[in-house]
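*Asks:* kindly generate the corresponding structure for this input.
(2 chains)
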Amino acid sequence: MTGLIALGAAIAVFTGIGAGVGIGIATGKASESIARQPEASGAITRVLILGCALAEATAIYGLLVGLMIVIRAL
Amino acid sequence: MDLNEELAYKIAFTIGPLQVPQYVVVTWGIMAFLVIFSIVMTRNLKLVPGKRQVVIEGLVSFLYKLYYDILGEKGKRYIPYLGSVCIFLAVADGVGLLGISPPTRNLNVTVALAILAILLVQVGGIQTKGAKGWLKGFGQPVPVIAPMNILDLFTRPLSLSLRLFGNVLGGVIIMALLNSAIPIGVPLIGSAYFDIFDGLLQAYVFTFLTSLYLQEAIE
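*Replies:* Below you'll find the predicted structure:
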């Protein structure tokens, strides 16, 4: 039973994949656009941080769900 | 399991029936430190600044410019609040360097900050547009979207508080695991990342999102 609970927590943390891919794509595009238009780097950085913060939220929710499962069970 | 022990909130002391948890005492400590620091650093300011004044002026104008770029002339008066929250969060996240568990690791602290932030956004909207304009703002850009705008009142503080809480808690757990696995050397790098870099970044993200919401509300 404990093994299954741990497995459930591990599956919840898989949300991190989505956040990683999302932040990776956003940062890649941001560096591309800064290379194209260096004078707009301030505005681009602002949008990038906003996007990263929103993409990261899914990973955080996954972490929280995983933690809740583990702390309840053990 | 020692992770549970690591995550438990310790009671610092009790006054009668009132239990004062450790994170409240740490928050008081940070507040006292910041107040004393501010008073000492801003004593006898001069027109021609000395070394101490140059440092503090640089810091203040850096924070000021950060939010002024987003808020513009209209939202100038909300900058001191945002700057104070940013400094408080940066110190509160970085307090892990001293071996104290950061108060932002507790959901109560982050929820309180997020509720204050969303209240500031609403008050800002009422102050600049009047109560009528503020109510009308829920029907922007089309009236059909009004339920979504009202839902935003709850989802915004939720995501603000959970983001900060989750990041700090994740850092604390990973640091606890690192400390028990490889106690020499490696925790130093982890601590530099989680306590300094991630702490500053989260402080910035929290106030940045607050100022974005505020800018939307006062426009």
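*Asks:* how far away is the closest residue to B:Q19 other than its chain neighbours from chain A?
*Replies:* Residue nearest to B:Q19 in three dimensions, not counting chain neighbours: B:I11, with 5.1 Å by Cβ to Cβ, 6 or more residues apart in numbering or on different chains. Placement of C-beta: from N, CA and C, glycine included. From B:I11 across to chain A, the span is 19 Å (Cβ to the nearest Cβ, to the nearest Å).
*Asks:* residues touching B:I11, list them.
*Replies:* Listed by Cβ atoms under 8 Å, 6 or more residues apart in numbering or on different chains, the contact set of B:I11 reads B:19-22.
*Asks:* got a quick PyMOL command for the buried subset of these?
*Replies:* Filtering those down to the buried ones (16 or more other Cβ atoms under 10 Å in any protein chain shown) takes a single PyMOL command:
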select buried, chain B and resi 21+22
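*Asks:* among the contacts of B:I11, name the ones in helices.
*Replies:* Within the contacts of B:I11, membership in helices is found for B:Q22, as judged by DSSP state H.
*Asks:* related to what we said a few turns ago, and the residue nearest to B:Q19, what's its pLDDT?
*Replies:* At B:I11, the pLDDT value in this model is 79.
*Asks:* in chain B, which spans are helices?
*Replies:* Counting by DSSP H, the helices of chain B are B:2-7, B:22-41, B:51-71, B:79-94, B:107-137, B:146-181, B:186-191, B:198-218.
*Asks:* between the ones you listed, which one is closest to chain A.
*Replies:* Smallest distance to chain A across the helices of chain B (Cβ to the nearest Cβ): 3.4 Å, for helix B:146-181.
*Asks:* which residues of chain A lie near chain B?
*Replies:* Residues of chain A lying near chain B by Cβ under 8 Å from any Cβ of the partner chain: A:42, A:46, A:49-50, A:53, A:56-57, A:60-61, A:63-64, A:67, A:70-71, A:74.
*Asks:* hang on, the earlier thing: got the helices of chain B as JSON lines, with mean pLDDT and distance to chain A columns?
*Replies:* As requested, the helices of chain B are exported to JSON lines (pLDDT from 0 to 100; distance: least, Cβ to the nearest Cβ, whole Å):
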{"stretch": "helix B:2-7", "mean pLDDT": "64", "distance to chain A": "7"}
{"stretch": "helix B:22-41", "mean pLDDT": "91", "distance to chain A": "18"}
{"stretch": "helix B:51-71", "mean pLDDT": "88", "distance to chain A": "7"}
{"stretch": "helix B:79-94", "mean pLDDT": "92", "distance to chain A": "14"}
{"stretch": "helix B:107-137", "mean pLDDT": "89", "distance to chain A": "10"}
{"stretch": "helix B:146-181", "mean pLDDT": "88", "distance to chain A": "3"}
{"stretch": "helix B:186-191", "mean pLDDT": "84", "distance to chain A": "16"}
{"stretch": "helix B:198-218", "mean pLDDT": "89", "distance to chain A": "5"}
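*Asks:* pipe the ones you listed into CSV and attach distance to A:V13 per row.
*Replies:* Formatted as CSV, the helices of chain B follow (distance: least, Cβ to Cβ, whole Å):
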stretch, distance to A:V13
helix B:2-7, 15
helix B:22-41, 25
helix B:51-71, 33
helix B:79-94, 22
helix B:107-137, 19
helix B:146-181, 10
helix B:186-191, 18
helix B:198-218, 18
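*Asks:* quick one: closest of these to A:G22.
*Replies:* Distance to A:G22, taken as Cβ to Cβ, is lowest for helix B:146-181 among the helices of chain B, at 14.5 Å.
*Asks:* got the buried residues for the closest one?
*Replies:* Judged by neighbour count (16+ other Cβ under 10 Å), helix B:146-181 contains these buried residues: B:152, B:156-157, B:159-173, B:175-176, B:178.
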